[in-house]
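Enquirer: Just need the structure, nothing else, for what follows:
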Amino acid sequence: MSKWIWLIFKRYLVTNRGHRYLLVAIDVLSKRLFVVPLKNKKAEEMLEAFKELIEQMPMVPHRIFSDKGTEFKNKLVNNFFLRTTRLRSTNPCIRQ
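Expert: Numbering: from 1, shown residues only. All right, here's what the predicted structure looks like:
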């Protein structure tokens, strides 16, 4: 069973041909990294980025852990992952 962590990074707004974000997927067991550049975080673009990420991977992930960002919680994305993958969101780590 494969477990993945998916994140969105925002950096270098001026450069990178209009790409403002990076969708990053990390395989928990093998530590393999997959990246797709994004111009925005709209549901349609996120869905295409998820499809592109999955094409790069050796297998469809069984579980995906992400933050509570709205880009991971919309109807298009949930319907896409409904049959094959469980999406889980994590709570932020608060240092004491």
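
Enquirer: Let's see the helix or strand harbouring residue 79 as PDB, backbone CA atoms only.
Expert: Per DSSP states H and E: residue 79 is located in helix 75-81. Provided in PDB are the C-alpha atoms of helix 75-81 (Å, rounded to 0.1, in the frame of the first residue of the first chain):
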ATOM      1  CA  LYS A  75     -15.600  18.600  -5.800                       C
ATOM      2  CA  LEU A  76     -13.600  18.000  -8.900                       C
ATOM      3  CA  VAL A  77     -10.600  16.600  -7.000                       C
ATOM      4  CA  ASN A  78     -12.800  14.600  -4.600                       C
ATOM      5  CA  ASN A  79     -14.700  13.000  -7.500                       C
ATOM      6  CA  PHE A  80     -11.400  12.100  -9.300                       C
ATOM      7  CA  PHE A  81      -9.900  10.400  -6.200                       C
END
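
Enquirer: Which positions within that helix qualify as buried?
Expert: By 16 or more other CB atoms under 10 Å, the buried positions in helix 75-81 come out as 77, 80, 81. All C-beta atoms are positioned from the backbone trio N, CA, C, and that covers glycine.

Enquirer: OK, contacts around the first one?
Expert: The one in question is residue 77. With contact set as CB atoms under 8 Å, 6 or more residues apart in numbering, residue 77 has these partners: 43, 46, 47, 50, 71, 87.

Enquirer: can I assume the fifth one sits in a strand?
Expert: No - the assignment for residue 71 by DSSP: H, G, I helix; E, B strand; the rest coil gives helix, which leaves it out of any strand.

Enquirer: Please enumerate the helices of the chain.
Expert: 43-56, 75-81 (DSSP state H).
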